[in-house]
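**Student:** Below are the sequence and a predicted model for it; my questions follow.
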Amino acid sequence: MSDQAFRPTAKPTAALSHMAQRVPPQAWFSVSAVFHYLGPAFAVLLFPSIGVLGVAWFRITAAALIFAPFTKPWRTFQKASPKDRLLLLTLGASLAGMNSAFYLALDRLPIALVAAIEFIGPIGLALWGLRSGRNLLALCVASLGVLLLIDVPSLLSPDNRTADLLGLFWAVLNGALFVLYIILGHKISQDGASGGVERLGAAMFAAGLFVMPIGLLQAIKAFDMPFLVLAGIGVGLCSSVVPYVCDQLAMSRLPRASFALLLTLLPATATGIGIVVLRQIPSLGDLAGVALVMVGVALHRPAAP
């Protein structure tokens, strides 16, 4: 990555690197994990009123507009080298595709199944980067917990909604793009949290352009309803601003494999949000899966920087 193109300067995001150093990266990740499913939970409620891709447009566009005054994406693109511009555009395309595929899957499948499929990629990414027997054991324990949360027997039931192959396609695509987001997110965070958030703002601006042709037509019908517009902005704030900024603060200090393994906490987070927000009481199998994921994370030790 070009240091000259992305050298941080004195700007509103400069304090983020200092914040990232003062607060443990696991704390930033915890905030991200909570908002990772709060936003989608609100988004699902808007599908009937705005449309799936319309909600995706609101999420990405609202996030891009919130980021813009602080990150100045036009300046980032102007100073970037051709290689760095390609990186930002690729990340933007992956964000647009990931969020759209995620919502299209949620429209056809239960959120627990979509989330479970999303975790398969990060677990494989963690395995790729692991170097110690302890970390391998941690990954195995966490993976067993995720399998319990997936509830494999129910997936094989002919009465299950997983018969929706199109929904499964969108869920798998979302999972694949989530892995790409982790890889590219670490690349843009290499020079510190401040520069990472600036580049994230630029990538989100590009994502807004990519999603416009497929989501704007659905979103337009909500423009004369202020409540829906505010709700769409809220989805963008909860889903793409808070968690992605916290991801950058965590990524700037964690190895990629360590961050990927921490992502196995997300099934536990989804279960907790289901209890508190949606009043979905987990089964004993779900609780066992959550416990195993927690044990796996406790066993895990980050790779040496």
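**Tutor:** Perfect, thanks for sending it. Residues are numbered from 1 along each chain as shown.

**Student:** CA only for contacts and neighbour counts going forward, please
**Tutor:** Noted.

**Student:** And the strand or helix carrying Ala268, what does it pack against?
**Tutor:** Taking DSSP states H and E as the criterion, the element that holds Ala268 is helix 266-276. Helix 266-276 makes packing contacts with helix 25-50, helix 111-129, helix 284-299 when contacts are defined by 3 or more CA pairs under 8 Å, 6 or more residues apart in numbering; DSSP states H and E.

**Student:** Need these in a markdown table (columns: mean pLDDT and distance to Leu168).
**Tutor:** Converted to a markdown table, those look like this (pLDDT from 0 to 100; distance: least, CA to CA, whole Å):
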| stretch | mean pLDDT | distance to Leu168 |
| --- | --- | --- |
| helix 25-50 | 86 | 17 |
| helix 111-129 | 73 | 8 |
| helix 284-299 | 79 | 21 |
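
**Student:** Low-confidence regions, this protein specifically.
**Tutor:** Low-confidence regions of the chain, defined here as pLDDT under 70, cover residues 1-21, 126-127, 129-131, 150-164, 191-194, 278, 280, 300-305.

**Student:** can you tell which of the helices and strands packed on helix 266-276 is closest to Val245?
**Tutor:** Closest to Val245 of those, according to CA to CA: helix 25-50, at 8.1 Å.

**Student:** relative to helix 25-50, how tilted is the helix or strand just after that closest one?
**Tutor:** Of the helices and strands lying after helix 25-50 in sequence (DSSP H and E), the nearest is helix 52-71. Taking axes from the mean of the first three to the mean of the last three CA atoms, to 10 degrees, one finds helix 52-71 and helix 25-50 inclined to each other by 130 degrees.

**Student:** how about the helix or strand that helix 52-71 is followed by: buried residues?
**Tutor:** If you walk from helix 52-71 toward the C-terminus, the next helix or strand you reach (DSSP H and E) is helix 73-79. When burial is assessed from 16 or more other CA atoms under 10 Å, helix 73-79 yields the following buried residues: Pro73, Thr76, Phe77, Lys79.

**Student:** The first one touches Glu198, doesn't it?
**Tutor:** Yes: Pro73 is within contact range of Glu198, at 7.1 Å (criterion: CA atoms under 8 Å).

**Student:** So for the chain, which residue is the most central one in space?
**Tutor:** With distances taken as CA atoms, centre = their mean, the chain has His36 as the residue nearest its mean C-alpha position (6.2 Å).

**Student:** Surely that residue touches Pro243?
**Tutor:** Yes: at 6.1 Å, His36 and Pro243 qualify as touching, with contact defined as CA under 8 Å.

**Student:** Touching stretch 50-66 from outside, list them.
**Tutor:** Contacts to stretch 50-66, defined as CA atoms under 8 Å, 6 or more residues apart in numbering, come from residues 43, 46-47, 96, 99-100, 103-104, 107, 201, 204-205, 207-208, 211-212, 214-222, 228, 232-233, 235-237, 239-241.

**Student:** Give me the buried subset of these.
**Tutor:** If you count burial by 16+ other CA under 10 Å, the buried members of the contacts of stretch 50-66 come out as 43, 46-47, 96, 99-100, 103-104, 107, 201, 204-205, 207-208, 211-212, 215-216, 218-219, 222, 228, 232-233, 235-237, 239-241.
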